[in-house]
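**Student:** Structure for the following, please:
(one chain, ligands or ions: 2)
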Amino acid sequence: MKSTEFDLHKELKRFFGFSQFKGLQEDVVKSIISGHNTFVIMPTGGGKSLCYQLPALVLEGTAIVVSPLIALMKNQVDAIRSLSTEHGIAHVLNSSLTKTEVNQVKEDIRNGVTKLLYVAPESLTKEEYVSFLQGEKLSFVAIDEAHCISEWGHDFRPEYRNLRNIIKQLGNIPIIGLTATATPKVQEDILKNLEMPKANVFKASFNRPNLYYEIRPKTKNIESDIIRFIKQRQGKSGVIYCLSRKKVEEIAHVLQVNGVSAVPYHAGLDAKTRAKHQDMFLMEEVDVVVATIAFGMGIDKPDVRYVIHHDIPKSLESYYQETGRAGRDGGEGYCLAYYSYKDIEKLEKFMAGKPIAEQEIGFALLQEVVGYAETSISRRKFLLHYFGEEFDEVNGEGADMDDNVRNPKHKVEAMDDVEKV
Ligand code: ADP
Ligand code: MG
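**Tutor:** Ligands and ions are numbered 1, 2, ... in the order given. This next block holds a predicted model:
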């Protein structure tokens, strides 16, 4: 089927109420509608879901959407159902469904009502589902969070590696991979595993021109340094990331006794407290959340004005994701990280018990973090280069938005700073 058969802007408006496509969306949609294998790399918030939802809604047959998080799938299904009068337009297939519910799903697919079928990868491997789907009209398979395929990604899931074999059993249908992981290594892995070397690849820029990047040497004065930084931004929202739960509690306490309104957030707190602290932050009852990486998945507060890393993260991928929570609205986003080589050694120690292959990957990722922290070139250039993107450090958007560019240092001098610590 040709994309020219559809008035895509009209369909966009009809289903989603938007009058414009965002970024590369229109090209991606056309690629999928014309039946090409397609690979989409866009930062979080870039609008990846619509890339496969719109084609699924206009094409004949059912699109299968593989996604790792059940909560995420439920949200999406609810959102799609609200776009239509047909309840069966989207379904989730998972192990929590009763026999009757599964039969309803099957009936809706058979009758051509279901346009989107969300499945967790482990459900898709179930013989019963595979043999049922083999007989049905399928438009394509979309694999969301496709970086789960790669051991170089931040969320490797073995069952993702098996998807290709299952899709083969379903027939010769186009595959769409989508991810926010921009490293060339992960991309290569995905294309290879999905056996789609000729896929149409769409990659959006990962540059966030409104974010300011700064690395400070980690000294024993770190706490007063952080307090001063926050007090200069009274009333503004910020996140402080720490490596351990203990450190989170400690810093939150230090801030509180120094008159900063802050709450802790980590997986050791019970669900009720976590939800309460998250709400307090979203409702601006507190300025600061001190958190482990447990905080942030799906947090969409547009006006976070700064993200502080008390401890350097274990990969540039994580650093990018975490700093990316600042300045979502396009306004100021100050990304300050404290760095000491001792912290790198600590992270290395954490990896000691892991399988060798995993350790090697972990060390390689850490080396990139060290490179970034110790570099004297444009941090934006370094970061984007890591993601396989060229950045013009003179004329590029946001070119002057980091400490190295604003206060150029001699390389030796920069290293000196780090070693003094
Ligand atoms: P991603 O999966 O890439 O992180 P999402 O698909 O969750 O991003 O979309 C992020 C946000 O962008 C959503 O709130 C979505 O409604 C919005 N969005 C997507 N496409 C458009 C568009 N064409 N116009 C306006 N908003 C859009
Ligand atoms: Mg998404």
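**Student:** Every contact and neighbour count from this point should use C-alpha atoms.
**Tutor:** Noted.
**Student:** how about Y118, what does it touch?
**Tutor:** Y118 sits next to 64-67, 73, 77, 90-93 when contact means C-alpha atoms under 8 Å, 6 or more residues apart in numbering.
**Student:** which one among the residues you listed gets closest to K220?
**Tutor:** The nearest member of the contacts of Y118 to K220, counting by C-alpha to C-alpha, is S67 at 43.6 Å.
**Student:** and E317, what does it touch?
**Tutor:** By C-alpha under 8 Å, 6+ apart, the contact list for E317 reads 154, 181.
**Student:** One more pass at 10 Å, please.
**Tutor:** By C-alpha atoms under 10 Å, 6 or more residues apart in numbering, the contact set of E317 is 153-154, 180-183, 365, 368-369, 383, 386-387.
**Student:** Next to ligand 1, which bits of this structure? Give me the list.
**Tutor:** Applying C-alpha under 6 Å from any ligand atom, we find that the chain lies next to ligand 1 at 18, 20-22, 42-50.
**Student:** send the alpha carbons of the lengthiest helix in the chain over as CSV?
**Tutor:** If you go by DSSP state H, the chain has its longest helix at helix 356-374. Output in CSV follows, covering the C-alpha atoms of helix 356-374 (Å, rounded to 0.1, in the frame of the first residue of the first chain):
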residue,chain,number,x,y,z
ILE,A,356,33.6,-11.2,32.5
ALA,A,357,31.8,-10.1,29.3
GLU,A,358,29.6,-7.8,31.3
GLN,A,359,32.6,-6.4,33.2
GLU,A,360,34.4,-5.7,30.0
ILE,A,361,31.4,-3.7,28.7
GLY,A,362,31.1,-1.9,32.0
PHE,A,363,34.8,-0.9,32.0
ALA,A,364,34.6,0.3,28.4
LEU,A,365,31.5,2.5,29.2
LEU,A,366,33.3,3.9,32.3
GLN,A,367,36.3,4.8,30.3
GLU,A,368,34.1,7.0,28.2
VAL,A,369,32.8,8.7,31.3
VAL,A,370,36.4,9.4,32.4
GLY,A,371,37.1,10.8,29.0
TYR,A,372,34.2,13.1,29.2
ALA,A,373,34.9,14.3,32.7
GLU,A,374,38.5,15.0,32.0
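**Student:** Counting by contacts, list what it packs against.
**Tutor:** When contacts are defined as 3 or more C-alpha pairs under 10 Å, 6 or more residues apart in numbering; DSSP states H and E, helix 356-374 sits against strand 211-217, helix 316-323, strand 333-339, helix 341-351, helix 379-386, helix 411-420.
**Student:** angle of the second one against strand 333-339?
**Tutor:** Pointing back at helix 316-323 there. Per axes from the mean of the first three to the mean of the last three C-alpha atoms, to 10 degrees, the angle that helix 316-323 makes with strand 333-339 is 130 degrees.
**Student:** Just give me the neighbour total for the closest residue to ligand 1 within the stretch 51-200 of the chain.
**Tutor:** Nearest residue of the stretch 51-200 of the chain to ligand 1, counting by C-alpha to the nearest ligand atom: A180, 7.0 Å away. By other C-alpha atoms under 10 Å, the residues close to A180 number 22.
**Student:** Filter the contacts of Y118 down to the ones in helices?
**Tutor:** Those of those lying in helices (DSSP H): 73, 77.
**Student:** want to try JSON lines for the contacts of Y118, with neighbour count as columns?
**Tutor:** Output for the contacts of Y118, formatted as JSON lines (neighbours: other C-alpha atoms under 10 Å):
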{"residue": "I64", "neighbour count": "26"}
{"residue": "V65", "neighbour count": "25"}
{"residue": "V66", "neighbour count": "24"}
{"residue": "S67", "neighbour count": "20"}
{"residue": "M73", "neighbour count": "21"}
{"residue": "V77", "neighbour count": "19"}
{"residue": "A90", "neighbour count": "27"}
{"residue": "H91", "neighbour count": "27"}
{"residue": "V92", "neighbour count": "21"}
{"residue": "L93", "neighbour count": "20"}
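**Student:** Show me the two of the contacts of Y118 that sit farthest apart.
**Tutor:** The most widely separated members of the contacts of Y118, counting by C-alpha to C-alpha, are S67 and A90 (13.9 Å).
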